[in-house]
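**Student:** The following comprises the amino acid sequence and a computationally predicted model.
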Amino acid sequence: MNKKSDPIAVIDSGMGGITVLRKLYKLMPNENYIYFGDSANAPYGVKSTDEIRQLTVDGFEMLKDMGAKAIVIACNTATSAAAAGLREKYPDFPIIGLEPAVKPAALSMEQPVVLVLATPLTLREKKYLKLVERFEGEATFIPLPAPELVRFIESGKLDSREEIDYLERILAPYADNRVDAVVLGCTHFPFARRQIQRILGDEVLVFEGGKGAARQCKRLLENIDLLADEAQDGKITFLNSDESKIPLCRQMFFYKG
Ligand code: DGL
């Protein structure tokens, strides 16, 4: 049986889930958190679905065994590959996944043109294809895989010349307000939000899934009466399959971007 003081665990292929952890912490500062980044195996988005599923299940089981009261799969790629199977195996356990914020982007205005930035895996998986199918009448979607951006962020090279050159190159066809909205469909990408907005143009609406995932996590915990007591100050423990990355995880949690 889980207790209110048990941690919420957050899992990602590496640094990306920290953008979700920041939203969770902002919404629920009294909670304890364990953040697990699998940086030794990052990036996930260019691996096979089976490989990602196995890595995600291994990380998930480890965090569950550590006594997590809920697990946030703070990675669109890992959610596409593994969330359905894990929900089937643990129907009563709170599992929160991430998916590209296609719905709010599609409904943000009349027939928008929406650029969807994500990993190659997310964009080819059934979960995304079905999601886009649902809103096809409402918007035009342009999928754009950006696997190199994950590598820049994973190495902590935020706002580096290489990162900016890469973004300017892949976003050139959509620059200067040529799309209406952009979906950051990978949890690493909010770390590059400012650059993406600058290149695409001031009027472009930017959508990401972290806040929604944090709200859903709170709702699920509320429903089973497992939200932490407000008297408690939350603490965050960082774990990483590449231990040398732990200081960078802490730094990125406090990044002002
Ligand atoms: N952060 C992950 C996502 O949301 C994937 C990054 C990777 O390729 O490892 O999709």
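**Tutor:** Now that the structure is in, tell me what you want to look at.
**Student:** Relative to Lys69, how far out is Pro247?
**Tutor:** Per Cβ to Cβ, to the nearest Å, Pro247 is found 27 Å from Lys69. In this view, the C-beta of every residue, glycine as well, is placed from N, C-alpha and C.
**Student:** Same check on Glu99?
**Tutor:** On the measure of Cβ to Cβ, Glu99 and Lys69 end up 22 Å apart.
**Student:** Quick one: mean pLDDT over the lengthiest helix in the chain.
**Tutor:** Using DSSP state H, we find that the single longest helix of the chain is helix 49-65. For helix 49-65, mean pLDDT rounds to 98.
**Student:** Quick check: buried residues in that helix?
**Tutor:** Ile52, Arg53, Leu55, Thr56, Val57, Gly59, Phe60, Met62, Leu63, Lys64 (16 or more other Cβ atoms under 10 Å).
**Student:** from those, which is closest to Phe135?
**Tutor:** Ile52 (25.1 Å; Cβ to Cβ).
**Student:** check contacts around that closest one.
**Tutor:** By Cβ atoms under 8 Å, 6 or more residues apart in numbering, the contact list for Ile52 reads Tyr44, Thr77, Ala78, Ala81, Ala82, Leu121.
**Student:** what separates it from Glu168, distance-wise?
**Tutor:** 29 Å.
**Student:** So Glu222: helix, strand or coil?
**Tutor:** helix (DSSP: H, G, I helix; E, B strand; the rest coil).
**Student:** Could you count how many residues lie near it?
**Tutor:** Residues near Glu222, counting by other Cβ atoms under 10 Å, number 10.
**Student:** For it, give me the pLDDT.
**Tutor:** Value for Glu222, per-residue pLDDT: 97.
**Student:** Distance check, it against Leu27.
**Tutor:** Relative to Leu27, and taking Cβ to Cβ, Glu222 is found at 12 Å.
**Student:** Shouldn't Glu136 be within a strand?
**Tutor:** No: counting by three-state DSSP, Glu136 falls outside a strand, being coil.
**Student:** quick one: contacts for Glu230?
**Tutor:** By Cβ under 8 Å, 6+ apart, the neighbours of Glu230 are Asn30.
**Student:** Doesn't it lie inside a strand?
**Tutor:** No: secondary structure assignment (three-state DSSP) places Glu230 in coil, not in a strand.
**Student:** Start at 158, not 1
**Tutor:** With 158 as the first residue, the last one maps to Glu387.
**Student:** quick one, phi psi at it?
**Tutor:** Backbone torsions of Glu387, given as degrees, to the nearest 10, read phi -70, psi -20.
**Student:** Over to Thr297: give its phi and psi.
**Tutor:** Dihedral angles (degrees, to the nearest 10) for Thr297: phi -110, psi 130.
**Student:** per-residue pLDDT, the residue nearest to it when sequence neighbours are not counted?
**Tutor:** Leaving aside its sequence neighbours, Thr297 sits nearest to Val270 (Cβ to Cβ, 6 or more residues apart in numbering; 4.8 Å). According to the prediction, Val270 has pLDDT 98.
**Student:** how much space between Val270 and Asp333?
**Tutor:** From Val270 to Asp333 the distance is 13 Å (Cβ to Cβ).
**Student:** All the strands of this protein, residue numbers only.
**Tutor:** 165-169, 190-194, 227-230, 252-253, 270-275, 297-302, 338-341, 362-365, 393-397 (DSSP state E).
**Student:** returning to that earlier point: more crowded one of Glu256 and Lys226?
**Tutor:** Neighbours per residue (other Cβ under 10 Å) separate Glu256 from Lys226, with Lys226 holding more: 24 against 20.
**Student:** So which bits of the stretch 158-307 of the chain are right by the ligand?
**Tutor:** 169-171, 173, 199-202, 232-234, 255, 276, 279, 307 (Cβ under 6 Å from any ligand atom).
**Student:** now those: which count as buried?
**Tutor:** For these, buried by 16+ other Cβ under 10 Å: 169-171, 173, 199-202, 232-234, 255, 276, 279, 307.
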